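K.L.:
model the structure of this input:
(chains A, B, C and D)
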Amino acid sequence: MAASKSASMRDAIAELVRDGDTVAIEGFTHLICFAAGHEIIRQRKRDLTLCRLTPDVIYDQMIGAGVARKLVFSWMGNPGVGSLHAIRRVTEGDAPTLELEEYSHFGMVGRYTAGAMKLPFFPLRSYFETDLPRANPRIRPVTSPFGDEVVYAVPPLNPDVTIVHAQRADAAGNTQIWGLPGCQKEAAFAAERVIVVVEELVAEEVIRADPNRTVIPGLVVDAVVVEPFGAHPSYAQGHYDRDNRFYLDWEAVSRDEAALRAWLRDWVYGVADRAGYIDKLGQERVAALRPGPAPSGSVDYGDYRS
Amino acid sequence: MAASKSASMRDAIAELVRDGDTVAIEGFTHLICFAAGHEIIRQRKRDLTLCRLTPDVIYDQMIGAGVARKLVFSWMGNPGVGSLHAIRRVTEGDAPTLELEEYSHFGMVGRYTAGAMKLPFFPLRSYFETDLPRANPRIRPVTSPFGDEVVYAVPPLNPDVTIVHAQRADAAGNTQIWGLPGCQKEAAFAAERVIVVVEELVAEEVIRADPNRTVIPGLVVDAVVVEPFGAHPSYAQGHYDRDNRFYLDWEAVSRDEAALRAWLRDWVYGVADRAGYIDKLGQERVAALRPGPAPSGSVDYGDYRS
Amino acid sequence: MTGVVAGPFTASEMMIVAAARELAGQRVCFVGVGLPNIAVNLAKLTGAPDLELVYEAGVFGARPARLPLSIGDPTIVTRATAVTSMLELFGYYLQGGLIDVGFLGAAQIDRYGNINTTVIGDYATPRTRLPGSGGACEIAIDARQVFVIVRQSRRSFVERIDFRTSPGNVGGPNGARIRREQGWLGAGPSVVVTDLGVYHFDADGEMRLDSIHPGVTLAQVRDSMAWEPRVADRLAETAPPSPDELRLIRDVLDPEGVYTG
Amino acid sequence: MTGVVAGPFTASEMMIVAAARELAGQRVCFVGVGLPNIAVNLAKLTGAPDLELVYEAGVFGARPARLPLSIGDPTIVTRATAVTSMLELFGYYLQGGLIDVGFLGAAQIDRYGNINTTVIGDYATPRTRLPGSGGACEIAIDARQVFVIVRQSRRSFVERIDFRTSPGNVGGPNGARIRREQGWLGAGPSVVVTDLGVYHFDADGEMRLDSIHPGVTLAQVRDSMAWEPRVADRLAETAPPSPDELRLIRDVLDPEGVYTG
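P.N.:
This next block holds a predicted model:
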């Protein structure tokens, strides 16, 4: 029924991500769209404001490649491993070159939520007696109209583009996720443009068989890109495991600017697309990340026609 | 592992609903727990403050039976049919005896959400240039700390008891719903005590097979009552249809105070429990409400152990 | 659609057809059940094939296997593309600005499209207690435009509504300014479809009769409202339902005549 | 648990065991991965069998089939009782007041339990850029009590932290008053477990050394912090890990010694 939004990653990034845009590639540990990040690097986008609760290895790669002028975040690190050294190099010392705008996790979630709801602010009980409101003047007190209690507020975040990786979508962009949902829904509804990248493009009937599974409706989606393994080295629940070795190895790459440049040359600029990256990674490594089966089971929605 | 919270409806209502309590039986058109409402009537609870976006036939019955002193709501009516005459009788004319506190749908949702999040207020873009803030002084303007925009705010709603009907739960209270989720999650998290009433008690393994389907965690649940068909005449997706004839018939019952008393005598006071109600309704009527099958299909969470 | 007159039709059918035609070119519609539901589905089958429906109960992309009997009908959930919580429906879809057209009914409406669905009489001691806002106050503020479907009478088309549940063009000429200054997402009511005719709004926010339905006289319209209506310079007669429109309503959308009888 | 000494153990094992024992009687715990994860799971197997775990990534009732390698490990999702969005996790679970104990790490901590995980040096031109708050600032404010696990040194136990990411007992004696007046849900830090000992807090909000680990001297403790510590009148020696505790850590919870080696 609805028009297809299928696009190649190249076309989706070329048309929907523009220099200077505010871009959110969301996903809390799960479904982080490295494939889109790499295409943004390959197309040499510039002056982006990157948003994300947890700028991890993908943002270290993107910032190391020079696509960003600013980072909006709540926790930066290589989870379970250590630091993001490419980001540290441009944020430490006397003349940091990357602008930082920093919140807490709930603050970032509140910003996306206010963005999705077109609210001028989102109230929350964080930041009392911390230095965060001093470091970031966009964290401000607000007085409750009931009982004069003071809490803090964060402003809406409305990315120009939100990119979400998911297990599956139909061609109209109706997108289903299982496992950790993070704040992808809020980030997508808040955005001007949305790119969904999926492990699998499925028939509309698959989506319609389980409408509660739909996290993002096609209504807000501009492009659907099919990119199996597009979240590697992060994971896609039921499809593949986190490639922990990659995260461990990143420490050494990230520490050394030359090593980082070589890595980008070999793994991003030097491959045409995600298929090339996976070829290079090798089928053996890919296969080792496949989990055994753990089926959800089926529920009955009931056919109501009489 | 976790202790069982299984209880009979009689015990759950006797122990967890107290005279004078604020009680929310939620469910937007779907999964409205008539069984719990009837038990509250049978136990002659008094002075309740009843909360619900859409006080429909169940609240007409409860208010007609005299359990409530106050109603907090956003839309009262017999959906698709007409008025709730028992409620109208105590809210119209020179000396209404039921106190009303009225919001809009989003206002009620915002109240439960603020309750669940322990926020002193929830901001929203409703109520501009309406008479609602004048009618209800708990709807108040709040000024954004970003740009001085004024929006409205509603206060948190934290019921003493929230009652949720669901398709299934395990004995620890981990509760799964499919079909319309309404605002049951917010109403449950906001409440001091939670009663979950289910069509089916399932093994923990059934819940654990599909954790994304869990709407309310056992963490906030105090009692699990198994009461198949407990949402009749509303519906349980996949289990039974809305019994539209009941809603149509209610018009005449509700209009006539004597007819309402007779109805309560026959269908509530005159039956010992839900099983008695269903016996009285008859297997033929029940069977006619069963839908055909419409399976969701299964997804794979992946078994990650190596 | 053709211009051929299709023989007798009911006032409800005329209202449905008139509303459906107004939906041409619209994209996302917020629906309750009843006349708006049939109008929206008729529009999808005729002039607005790309219309996307968001049901107030929390359903996007419904594909009902039967005519939904109420907004509480499980048939709108099975085989929908998405269902959603009320928080997301009202927060992300409606207040998020995704809805192009919302439908409202009215117990009372004034010349500026302000609507009462709360009480008749005094708020504290009402003569008639009506359902209240539900989502109407949000739809009136957040939907990009609002279509009103209401039967017209001196009791419903009043000089002064008893309670303002849903703001229309507020106080008239200042309405647009108020909406702008307060940052409302919606532009307010754009169409009122009644059993007698179709109204749009002048730039100063007042309702204007643009067409009257076949067989209805201007005197009848005037007798069915409490203020002297503005009438378009070139008052049209609403094109009657075409055979195709009537066939769709009677055979496909409401074969049992639940809403259109 | 027995009092039998189990032979050599690592500092990490001692920290895990000490933290696990403090969890006795607690009900709902907010966990990240690493030492707190193992401590919490050890507590479940020993003194706190009813402990319910809420993982920061959005998992309730995890039943991992292997030791999670990071909070981004799909094994905590498969066969959990519930997964949840970040909005619900931080809004309904944490800020909603359901968490009895939250764990925090620290790059710097002061005598009042205030914690820095943001920067070393000036905020705008830092010597070291640390990860930032993540959920720590929320945990510090909303969890009913906070357990800190941190290795102790003059660089981490400082007189004055460079940035206050997560409030502890704020400025000391006034901390409890501030928390109460501002309506915080949490009572603040109650335990600090280090590689050298275990601290609790006095009524005026200052950290107090209550026990030192086997083989550690008071002089060593004093050398590993920038202020003169309060010491309990009856300073205890932490009971060493029991054979059972060590067996559970080594054979069940971290057989590959990822965190405890």
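K.L.:
what are the contacting residues of stretch C:104-113?
P.N.:
Stretch C:104-113 is contacted from outside by C:32, C:115-117, C:120, C:130, C:136, C:139-140, C:146-150, C:155-162, C:166, C:168-172, C:175, C:188-189, C:192, C:201, C:205-207, C:227, C:229, using C-beta atoms under 8 Å, 6 or more residues apart in numbering or on different chains. (Each C-beta comes from the backbone N, C-alpha and C, glycine too.)
K.L.:
rounded mean pLDDT for it, please.
P.N.:
When pLDDT is averaged over stretch C:104-113, the result is 96.
K.L.:
could you do stretch C:154-172 as well?
P.N.:
93.
K.L.:
now that stretch: how far from the chain's centre is it?
P.N.:
Mean C-alpha position of stretch C:154-172 versus that of the full chain (C-alpha atoms, centre = their mean, to the nearest Å) differs by 15 Å.
K.L.:
is that stretch anywhere near chain B?
P.N.:
Yes: using C-beta under 8 Å from any C-beta of the partner chain, stretch C:154-172 reaches chain B at C:163-167, C:170.
K.L.:
same deal with stretch C:61-75?
P.N.:
Yes: counting by C-beta under 8 Å from any C-beta, chain B has neighbours in stretch C:61-75: C:69-74.
K.L.:
quick check: buried residues in that stretch?
P.N.:
C:61-65, C:67-75 (16 or more other C-beta atoms under 10 Å in any protein chain shown).
K.L.:
one more: stretch C:126-134?
P.N.:
By 16+ other C-beta under 10 Å, the buried positions in stretch C:126-134 come out as C:126, C:129-134.
K.L.:
send the alpha carbons of it over as CSV?
P.N.:
Listed next in CSV are the C-alpha coordinates belonging to stretch C:126-134 (Å, rounded to 0.1, in the frame of the first residue of the first chain):
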residue,chain,number,x,y,z
PRO,C,126,-25.1,21.4,35.6
ARG,C,127,-28.4,20.8,33.9
THR,C,128,-26.7,18.2,31.7
ARG,C,129,-23.4,16.6,32.5
LEU,C,130,-21.7,15.8,29.1
PRO,C,131,-18.7,13.5,28.6
GLY,C,132,-16.0,16.1,29.0
SER,C,133,-12.9,16.7,27.0
GLY,C,134,-11.5,13.3,26.5
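K.L.:
scan chain C for its longest strand.
P.N.:
Longest strand in chain C by number of residues (criterion: DSSP state E): strand C:230-237.
K.L.:
for it, which positions count as buried?
P.N.:
So for strand C:230-237, counting by 16+ other C-beta under 10 Å, buried means residue C:231.
K.L.:
partners of it in the sheet?
P.N.:
Next to strand C:230-237 in the sheet, as set by DSSP bridges, lie strand C:207-212 (parallel).
K.L.:
any idea how far the strand it pairs with is from the chain center?
P.N.:
Distance, centroid of strand C:207-212 to centroid of chain: 15 Å (C-alpha atoms, centre = their mean).
K.L.:
what about the helix or strand just after it, average pLDDT?
P.N.:
Past strand C:207-212, further along toward the C-terminus, the next helix or strand under DSSP states H and E is helix C:218-223. Helix C:218-223 shows a mean pLDDT of 97.
K.L.:
can you name every helix or strand that helix C:218-223 contacts?
P.N.:
On a contact count with 3 or more C-beta pairs under 8 Å, 6 or more residues apart in numbering or on different chains; DSSP states H and E, helix C:218-223 meets strand C:207-212.
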